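> Need coordinates for the following:
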Amino acid sequence: MRSINNNIKNRLFRLGWRLVKYIVMNKLSGQVLGRRSGNLARNQTAEVEEGLFKYELKIGFGKIVEYGKFWELGHKRKGKLYKRPFIKPSIEENKLMIKKEVVDILKENWKWLM
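Take a look at the predicted model:
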């Protein structure tokens, strides 16, 4: 059973890093946010958390670049809202690929999960 769990986690982890690569190449290279230092692109993260009967894939940015959340979620400055989301749109743009990958993972491991 442990090897099945590791297989699922590894596949989800690889999916997460594919999404991170997409974000860096298609959102953080001038399309949504211009690259100044490259810190935000270098500090993108993907991790898989395992819970009771669930796995959770988290895409984000490290503590070093806290300002990433201000662009993703928005922030006010001088009464004006600045918001340039780059993670959520990337997930939306890759929804079909994500669904296909999750279905493939489930098909591959379903008999061991039951």
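
> Name the SS class of the spatially most central residue of the chain, please.
Taking C-alpha atoms, centre = their mean, the centroid of the chain lies closest to residue 59, which sits 2.8 Å from it. In three-state terms, and counting by DSSP: H, G, I helix; E, B strand; the rest coil, residue 59 is strand.

> Make sure it is actually in contact with residue 45.
Yes. With contact defined as C-beta atoms under 8 Å, residue 59 reaches residue 45; the gap is 7.2 Å. The C-beta positions use only the backbone N, C-alpha and C, and glycine is treated the same way.

> Against residue 74, how distant is the residue nearest to the centre of the chain?
Counting by C-beta to C-beta, to the nearest Å, the separation of residue 59 from residue 74 is 18 Å.

> rewinding a little: shared neighbours of residue 59 and residue 45, which are they?
Common neighbours of residue 59 and residue 45 (criterion: C-beta atoms under 8 Å, 6 or more residues apart in numbering): residue 20.

> check contacts around residue 22.
Counting by C-beta under 8 Å, 6+ apart, residue 22 touches 90, 93-94.

> and which of the residues you listed is nearest residue 6?
Using C-beta to C-beta, residue 94 is the member of the contacts of residue 22 that lies nearest residue 6, at 24.2 Å.

> What about the closest one, how many residues nearby?
With neighbours defined by other C-beta atoms under 10 Å, the count for residue 94 comes to 18.

> That one is in contact with residue 19, isn't it?
Yes. Here residue 94 lies in contact with residue 19, judged by C-beta under 8 Å, at a distance of 6.3 Å.

> Could I get the phi/psi values of the residue of the chain most remote from its centre?
Distance from the C-alpha centroid of the chain peaks at residue 78, with 30.7 Å (C-alpha atoms, centre = their mean). Phi and psi for residue 78, reported as degrees, to the nearest 10, are phi 50, psi 40.
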